[in-house]
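Peer 1: Just a sequence and a predicted model for now, questions to come.
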Amino acid sequence: MVHAVRMPMMGNTMETGLLVGWRVDEGDEITDGTVLAEVESEKASTDIEASQDGSLARVDVEEGEEVPPGTVLGVVLGPDESLEDAPEPRSRVDTEADAEAGAGDSGGAETEPATEPATGGGENTTSASEAGGEKPRAAPGARELADEHGVDLDAVEGTGPEGAILRADVSDHLGGVDDDEGGATSTQGFTSPSTRRLARELGVTIGEIDGSGIGGRVTESDVRAAAGAVKPVSRNGVRPTAGETSDTTASTDMTDPARLGVTVTEERPLSGMRRTIADRMARSAKQAPHVTLNRDVTVERAFETAEELGNEAGAAVGFTDLLVGAAVRALDASPEFNAWFEDETVRHVAERNVAVAVDTENGLVTPVIRSADDRTLRDIAAERQRLTDAVLDGTHGMDDLQGGTFTITNLGMFGVDSFDPIINPPQVAILGVGRVRERDGTRTCTLSLSFDHRVVDGADAARFLETLTEGVEAPSLVVADRSAGQSDREREEPAAEAGGETIAAAVRRDVEARANEIAATHGWPVPEFDVRINGGRPEVTLDAAENASPAAMKRLAYAACRESTYADTITDLRDPEIEVLSA
């Protein structure tokens, strides 16, 4: 069987993929599992592996080119196979089915039946659909536009590879109507989203432009030249009049190196990932009215708690993990921040999927700690470390980057005191973390909460930031939440105080009962408790069992106090003074 090496569909929103490079040369012998090429999408990169023994008989797409998903990059032939049975170079398959089946497949080598290749060109695709009883081959954008206007795709003549119907074909069939592109149509093949966006902004019709890119592709420079966005200045300082020729517009503008007398050492287009970051951030800054609230918080106890947890065997909990826990606690209290906003609709999400930004060579990546509300701090730390290692190594998958409902980004390690982070759409808020600094002998940092004012108000954000600060400055609250979980179990009310039982004795009995419940789920021994309530902050003393970790016992005490029935009635019982007596 002939194997076509195609650009894989890596994500439902993928429009193009970049061929980073071939790992074998044309004509090389290969075996099943050999890495043929590396490709990159807007969010991730992956390797394409061979699915049979044979040779790379044909290379269609060169390194550095961008093509839509489903495009044939090359062909692998087995013994006694011929290129006559291979699909046309750069031909495409309808990737809509791939997207529906689930994006993220890393494989791109696909078996082709050994039949005559489809005759494409400008042939109408109805014959193919009638012969196979299937719907016409069409790009997802073409189907979307056809559905919007009630167009029967069987009546549309396709101009794409193998007669595939492009969005421009549907637009031409409608008489040039293309709502998504503001009237801009093109029969010159693929045009990047950023180029189409620029054409809309400058009021240029892409179909009327002669493209200077590969295969006649229209580039951003072509669009600017057609729009005359920046008219050139002649050597005598006179701009050409409207009636004069503008042939030099494409090569001369306000950034023309020759005219400005500067030397360009390198010219490099944005990669797929970097371009996606640029597009998303620009769209977010333009569409979402950002408001940022700043608050200085004391982090002394947070670092001490992280160090205590880190000293516990097998636990590697850091300050960032406590921040994630504090964010989950704030999202529980203000669920309107755990949402997506798109298409003028707010969608509240049940899971607390917290993304933590990671700086990589290719740009900022935000892997997602899924269901952080169902994880202990130890689990959060382990998952964050796994995700960080994966994105730094380039081994992460699409699932690692999708589904985030709230983002934390930290520039403190770069010495930044505070900044206004840009929301990662479709999320509605993001938390920026500044550097830790000493102030009056106490460590502090600035938390910056940016939020989408279309979805939430300033007072909502202030309350969210208050709850978040409470968790950072009193980390025992977070430790208790993440140790005991967010169980909705029904509890029996403690027995009525009788026989002159003191409030302290009733609280001790209840805290000890909660400790038994929590210890049973973690396999911890239960120490003996003593609770003192003298009008100030409650004091809890416990005798650690033999061979018990003091840090674990302290966590147990925090969790038990947090879960106590009296937590809402006894001041500061959620954050008591705890002393552990060694056995």
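Peer 2: Good, I have the coordinates.
Peer 1: okay, CA-based contacts and neighbour counts for the rest of this
Peer 2: Fine.
Peer 1: how does the chain divide into domains?
Peer 2: 2-112, 126-260, 289-484, 503-581 (automatic domain parsing).
Peer 1: Comparing the ones you listed, which yields the minimum mean pLDDT?
Peer 2: When the domains of the chain are compared by mean pLDDT, domain 126-260 comes last with a mean of 62.
Peer 1: about what we covered before: Ala282 is nearest to which of the domains of the chain?
Peer 2: Proximity to Ala282 (CA to CA) singles out domain 289-484 among these, at 9.2 Å.
Peer 1: before we move on, the earlier item: turn the domains of the chain into CSV, including distance to Arg268 and mean neighbour count.
Peer 2: Shown next, in CSV, are the domains of the chain (distance: least, CA to CA, whole Å; neighbours: other CA atoms under 10 Å):
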stretch, distance to Arg268, mean neighbour count
domain 2-112, 11, 20
domain 126-260, 14, 17
domain 289-484, 13, 19
domain 503-581, 52, 19
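Peer 1: With respect to Glu266, which of those lies nearest?
Peer 2: Across the domains of the chain, Glu266 has its closest neighbour in domain 126-260 (11.9 Å, CA to CA).
Peer 1: Show me the residue at the heart of this structure, geometrically.
Peer 2: In the chain, the C-alpha nearest the mean C-alpha coordinate belongs to Leu401, at 4.0 Å (CA atoms, centre = their mean).
Peer 1: hang on, isn't it packed against Leu364?
Peer 2: No: shown here, Leu401 and Leu364 do not form a contact pair, counting by CA atoms under 8 Å, at 11.5 Å.
Peer 1: Remind me which helix or strand Ala306 belongs to.
Peer 2: For Ala306, the element it lies in under DSSP states H and E is helix 300-311.
Peer 1: Can you tell me what sits against that helix?
Peer 2: Helix 300-311 has contacts (CA atoms under 8 Å, 6 or more residues apart in numbering) with 315-319, 322, 442-444, 472-476, 551.
Peer 1: From what I see, Ala429 and Ser448 are in contact.
Peer 2: No: applying CA under 8 Å as the test, Ala429 and Ser448 come out as separate, 10.4 Å apart.
Peer 1: picking up where we left off before, and the closest residue to the residue nearest to the centre of the chain other than its chain neighbours, what is it in contact with?
Peer 2: Closest residue to Leu401 apart from its sequence neighbours, by CA to CA, 6 or more residues apart in numbering: Pro367 at 4.5 Å. With contact set as CA under 8 Å, 6+ apart, Pro367 has these partners: 355-358, 387-388, 391, 400-402.
Peer 1: For Pro367, grab phi and psi.
Peer 2: Main-chain torsions, Pro367, degrees, to the nearest 10: phi -70, psi 150.
Peer 1: What distance do you get for it to Gly318?
Peer 2: 17 Å (CA to CA, to the nearest Å).
Peer 1: Show me what the longest helix seen in the chain is packed up against.
Peer 2: Secondary structure of the chain per DSSP state H: the longest helix is helix 503-522. Using 3 or more CA pairs under 8 Å, 6 or more residues apart in numbering; DSSP states H and E, the elements in contact with helix 503-522 are strand 528-532, helix 550-563.
Peer 1: closest one to Val20 among those?
Peer 2: Of all the helices and strands packed on helix 503-522, helix 550-563 sits nearest to Val20, with 48.9 Å by CA to CA.
Peer 1: who touches the next helix or strand after that closest one?
Peer 2: Using DSSP H and E, the helix or strand that follows helix 550-563 in sequence is strand 577-581. Contacts to strand 577-581, defined as CA under 8 Å, 6+ apart, come from residues 537-544, 550, 553-554, 557.
Peer 1: again, but for stretch 425-437
Peer 2: With contact meaning CA under 8 Å, 6+ apart, stretch 425-437 is reached by 280, 284, 337-342, 404-424, 443-452, 455.
Peer 1: Next, Thr360: phi, psi?
Peer 2: Dihedral angles of Thr360 (phi, psi; degrees, to the nearest 10) stand at phi -120, psi 170.
Peer 1: That one: what's it in contact with?
Peer 2: So Thr360 contacts 391-392 (CA under 8 Å, 6+ apart).
Peer 1: Start at 38, not 1
Peer 2: OK, 38 is where the count begins now, so the last one is Thr397.
Peer 1: what's across from it in the sheet?
Peer 2: Thr397 has the following beta-bridge partners by DSSP bridges: Gly400.
Peer 1: State the distance from it to Ala427.
Peer 2: Thr397 sits 11 Å away from Ala427, going by CA to CA.
Peer 1: Now do the contacts for Ile246.
Peer 2: Applying CA under 8 Å, 6+ apart, we find Ile246 in contact with 255, 259-260, 263.
Peer 1: In CSV: these, plus distance to Ile67 and secondary structure.
Peer 2: Supplementary listing: the contacts of Ile246 in CSV, determined by distance: CA to CA, whole Å; DSSP: H, G, I helix; E, B strand; the rest coil:
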residue, distance to Ile67, secondary structure
Val255, 37, coil
Asp259, 41, helix
Val260, 43, helix
Ala263, 47, helix
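Peer 1: Go through those and say which is closest to Arg204.
Peer 2: Nearest to Arg204 among these, counting by CA to CA, is Val255 at 15.8 Å.
Peer 1: What sits closest to the closest one if chain neighbours are left out?
Peer 2: Nearest to Val255 is Gly248, by CA to CA, 6+ apart, at 3.9 Å.
Peer 1: ok but Gly248 is inside a strand, no?
Peer 2: No: using DSSP: H, G, I helix; E, B strand; the rest coil, the assignment for Gly248 is coil, not a strand.
Peer 1: That one contacts Ser258, doesn't it?
Peer 2: No: using CA under 8 Å, Gly248 is not in contact with Ser258; the gap is 9.4 Å.
Peer 1: Ala74 sits in which helix or strand?
Peer 2: In the assignment (DSSP H and E), Ala74 maps to strand 72-77.
Peer 1: which outside residues touch that strand?
Peer 2: With CA under 8 Å, 6+ apart as the test, strand 72-77 has contacts from 44, 54-61, 82-87, 309-310.
Peer 1: ok, then the element right after the longest strand along the chain?
Peer 2: Using DSSP state E to define each element, the chain has its longest strand at strand 479-489. Note on strand 479-489: by DSSP H and E, the next helix or strand toward the C-terminus is helix 495-510.
Peer 1: Give me the angle between that following helix and strand 479-489.
Peer 2: Interaxial angle, helix 495-510 versus strand 479-489 (axes from the mean of the first three to the mean of the last three CA atoms, to 10 degrees): 150 degrees.
Peer 1: Met590 versus Pro562, what's the distance?
Peer 2: To Met590, Pro562 is 8 Å away according to CA to CA.
Peer 1: oh, I was asking about Ala74
Peer 2: Distance from Ala74 to Met590, counting by CA to CA: 53 Å.
Peer 1: do the same with Arg95
Peer 2: Distance, Arg95 to Met590, using CA to CA: 65 Å.
Peer 1: now Asp416
Peer 2: 18 Å.
Peer 1: cool, and Thr357?
Peer 2: 23 Å.
Peer 1: what do you get for Met47?
Peer 2: Met47 is 46 Å from Met590, where distance means CA to CA.
Peer 1: swap in Glu99?
Peer 2: 61 Å.
Peer 1: Report all helices and strands that the one helix or strand Leu368 maps to contacts.
Peer 2: Using DSSP H and E, Leu368 sits within helix 356-370. When contacts are defined as 3+ CA pairs under 8 Å, 6+ apart, helix 356-370 packs onto helix 337-348, helix 414-430, helix 495-510, helix 512-521.
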